[in-house]
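Trainee: Sequence first, predicted coordinates after that:
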Amino acid sequence: KSVGGRCFSSAAPSLWNKLPQSIRLSSHLLEYKSKLKTHFFRKAFNDMS
């Protein structure tokens, strides 16, 4: 991959688009943070098994 693909302006939108829609559509910051944290915990612990 090129350096441009790793820069924030390229990587951030790509990561955002990979999030489930339910997280991206959260209407409040606390709701967003909670759903994001749950998403990453599930992802981390599912990958361990």
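Mentor: Structure's in. What do you need? What you see is a predicted model, and the numbers here were worked out from it, not measured in a lab.
Trainee: With adjacent residues omitted, what lies nearest to the residue nearest the centre of the chain?
Mentor: For the chain, L19 is the residue whose C-alpha lies nearest the centre (Cα atoms, centre = their mean; 4.5 Å). Among residues not flanking L19 along the chain, H39 sits closest, at 7.1 Å (Cβ to Cβ, 6 or more residues apart in numbering). Every C-beta, even on glycine, is put in place using the N, C-alpha and C of the backbone.
Trainee: ok, that neighbour touching S22?
Mentor: No - in this structure, H39 is not within contact of S22 by Cβ atoms under 8 Å, at 9.0 Å.
Trainee: Of those two, which one has the most company?
Mentor: H39 (14 against 10; other Cβ atoms under 10 Å).
Trainee: need the contact list for the more buried one.
Mentor: Going by Cβ atoms under 8 Å, 6 or more residues apart in numbering, H39 touches L19, P20, I23.
Trainee: Which pLDDT value belongs to the residue nearest to L19?
Mentor: On pLDDT, H39 comes in at 95.
Trainee: Low-confidence regions, the protein specifically.
Mentor: 1-5, 48-49 (pLDDT under 70).
Trainee: longest helix anywhere in the chain?
Mentor: Longest helix in the chain by number of residues (criterion: DSSP state H): helix 29-48.
Trainee: Lovely, talk soon.
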